[in-house]
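quick one, fold the following:
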Amino acid sequence: MRTHPRTPRTRAGAVVASLAGAALVLTACGDGGSDDTSGSEGSGGDAGTITLGFLPSWTDGLSMAHLLEHQLGEMGYTVEMETLTEAAPLYTGLANGDVDMYPSAWPEVTHADYMEEYGDRIEDLGAYYDGAVLTIAVPEYVDIDSMEELKDNADRFGNRIVGIEPGAGLTGVTQDSMMPAYGLEDWELVTSSTTAMLSELSSAVADEEDIVVTLWRPFWAYTEFPMKDLEDPEGAMGDPEGLHFLGTDGFAEEHPEVAEWLGQLTLTDEEYGSLEDMVVNEYGEGRESEAVEAWLEANPDVLPELPATR
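Presented below is the predicted three-dimensional model:
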């Protein structure tokens with residue numbers, strides 16, 4: 001048997017189970033709405049209400065939404081949290097003003113099509129992280145290193161790549177760019193949800209089975225599972241991009257102090273990784289506020305100083 005650094009199955013399994021539980025309470029928001037809303041635990045609501053739209057299964061958005069919920073509350077805002085299951089209705093809701101802000105968008109490459117369609121009704125409030133990338137990955141014990149090698153090893157992987165949501169930008173790039181570039185037209189890209197992908201990955205790693213999945217960086221899965229990105233000599237997965245705060249048209253004019261503060265917020269790999277790990281893994285579903293408070297205590301000088309509350 002091949003050996004490799006193994007993540008404890010209990011922890012990885014618990015994380016996947018936690019995400020699965022969260023997925024059960026999501027509302028499929030074709031109209032941009034959701035029943036899952038909550039007020040901020042911050043200092044009041046005198047400054048008004050800001051609605052954050054995000055996809056809980058995409059943990060960069062989950063982590064940043066709860067961080068902003070806390071910080072906007074400290075500024076005096078009431079924060080409503082709108083959870084969605086696909087990116088398309090989120091961009092529609094943002095463009096229509098049903099959602100005030102998307103806390104962690106991928107507008108440069110992954111969601112470029114949505115920005116082309118809705119960008120004239122969306123404001124870019126700045127990027128908090130540079131160098132985000134879409135990836136095709138395998139466990140470290142799999143002895144291939146490049147996407148070029150997938151075609152000749154089709155039988156090992158059952159001619160399948162395990163993906164995430166059908167409407168995800170990552171899904172479109174994999175299906176429309178990566179698979180044709182490497183002659184994988186007869187392969188199947190399995191789509192369902194991020195939770196289902198992680199569950200299948202967890203089972204495969206536990207049994208040291210061959211598997212190919214769609215992933216992205218930054219993402220906590222790289223700390224939970226022994227993964228390596230396959231080289232992409234054709235550049236089919238696109239260039240690195242920034243993770244942005246997007247607002248509905250007129251956001252900066254209505255909330256200038258928030259827009260200015262967001263424009264100053266940047267996180268390094270280490271800072272972002274520790275936030276996501278605390279929110280998703282160490283504390284988990286239902287304890288996001290505690291996770292954010294613990295992260296802020298451990299990182300007191302990372303965020304810009306809050307503006308004076310109204």
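
if you count contacts, what does the longest strand seen in the chain end up packed against?
The strand that spans the most residues within the chain, counting by DSSP state E, is strand 122-139. Strand 122-139 sits against helix 87-96, helix 169-173, strand 213-217, strand 227-229, strand 241-248, helix 251-254, helix 256-264, helix 269-276, with contacts defined as 3 or more Cβ pairs under 8 Å, 6 or more residues apart in numbering; DSSP states H and E. Every residue, glycine included, has its C-beta placed from N, CA and C.

just checking: what are the partner strands of the fifth one?
Strands flanking strand 241-248 in the sheet, each with its direction: strand 101-105 (antiparallel), strand 122-139 (antiparallel) (DSSP bridges).

that's a helix at residue 164, yeah?
No. The secondary structure assignment for residue 164 gives coil rather than a helix, going by DSSP: H, G, I helix; E, B strand; the rest coil.

who touches the helix or strand harbouring residue 180?
Secondary structure assignment for residue 180, by DSSP states H and E: helix 179-181. The list of residues contacting helix 179-181 from outside it, by Cβ atoms under 8 Å, 6 or more residues apart in numbering, reads 147, 161, 185, 187, 189, 234, 236.

from the residues you listed, which two are the most distant?
Of all pairs drawn from the contacts of helix 179-181, the one with the longest distance (Cβ to Cβ) is 189 and 234, at 17.0 Å.

look at the two and report which has more neighbours.
residue 189 (18 against 14; other Cβ atoms under 10 Å).

can you tell me the distance between the two ends of stretch 110-129?
End-to-end span of stretch 110-129 (Cα to Cα, to the nearest Å): 15 Å.

would you mark the buried spots in it?
Of the residues in stretch 110-129, those buried by neighbour count under the rule 16 or more other Cβ atoms under 10 Å are 110-112, 114-115, 118-119, 122-129.

so who does residue 175 touch?
With contacts defined as Cβ under 8 Å, 6+ apart, the neighbours of residue 175 are residue 189.

gap between residue 241 and residue 197?
Between residue 241 and residue 197 the computed distance is 21 Å (Cβ to Cβ, to the nearest Å).

correction: the previous question concerned residue 186.
In this view, residue 186 and residue 197 are 21 Å apart by Cβ to Cβ.

more crowded one of the two?
In this comparison of residue 186 against residue 197, neighbours counted by other Cβ under 10 Å, the higher total goes to residue 197 at 24 against 9.

checking the more buried one next. Helix, strand or coil?
Judged by three-state DSSP, the three-state class of residue 197 is helix.

pretty sure it is touching residue 162, no?
Yes. Between residue 197 and residue 162 there is a contact under Cβ atoms under 8 Å: 5.2 Å.

which residues are common contacts for these two?
Residues touching both residue 197 and residue 162 comprise 213-214, with contact defined as Cβ under 8 Å, 6+ apart.

return the set of buried residues in the one helix or strand residue 154 maps to.
Residue 154 is located in helix 154-157, with elements delineated by DSSP H and E. Within helix 154-157, the residues scored as buried using 16+ other Cβ under 10 Å are 156-157.

residue contacts, the residue nearest to residue 218 when sequence neighbours are not counted?
For residue 218, ignoring the flanking residues on the chain, the nearest one in space by Cβ to Cβ, 6 or more residues apart in numbering is residue 272 at 5.5 Å. Shown in contact with residue 272 (Cβ under 8 Å, 6+ apart): 60, 63, 128-129, 218.

at 10 Å what do you get?
With contact set as Cβ atoms under 10 Å, 6 or more residues apart in numbering, residue 272 has these partners: 60, 63-64, 104, 128-129, 132, 218, 243, 266, 302.
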